[in-house]
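Student: okay, structure incoming, though there's no sequence with it:
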């Protein structure tokens, strides 16, 4: 006689794997969002403090990239502006205007933006001098 699994045992194993996947996959997806929120929040705070520090030392800022290095796959970088886009919409915009740095956030751009707003990232204008 050959030994093997019966059809009932196989169906039972498949059902258990399905239940585990049903519970586990949403938890994994929320971890990805939380990691993105944490990274972008830290990046935004680093941008603000680095721009302020650079301005204090140099009394001017020509490009944000003079003050900080950013991941261009996450941030859209221009001369005095960096943006984080979600779902094709502008979520965070950090711009150096004259002697100020302005952070604006649109919580309606997507789930990461909503989480950032809930975490305490708000529209901010900081003087550089």
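Tutor: Great, that's in hand. Values in this document were obtained by computation on a predicted structure and should not be read as measured data.
Student: could you list the low-pLDDT ranges of the protein?
Tutor: 1-2 (pLDDT under 70).
Student: can you pull out the helices in it?
Tutor: For the chain, the helices defined by DSSP state H cover 7-58, 64-67, 111-119.
Student: could I get the ones you listed in TSV, plus columns for mean neighbour count and distance to residue 94?
Tutor: The way it works is simple: take the backbone N, C-alpha and C, and place the C-beta from them, glycine included. Converted to TSV, these look like this (neighbours: other Cβ atoms under 10 Å; distance: least, Cβ to Cβ, whole Å):
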stretch	mean neighbour count	distance to residue 94
helix 7-58	13	5
helix 64-67	18	8
helix 111-119	18	13
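Student: in CSV: the ones you listed, plus distance to residue 83.
Tutor: Shown next, in CSV, are the helices of the chain (distance: least, Cβ to Cβ, whole Å):
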stretch, distance to residue 83
helix 7-58, 11
helix 64-67, 11
helix 111-119, 12
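Student: between those, which one is closest to residue 128.
Tutor: helix 7-58 (4.1 Å; Cβ to Cβ).
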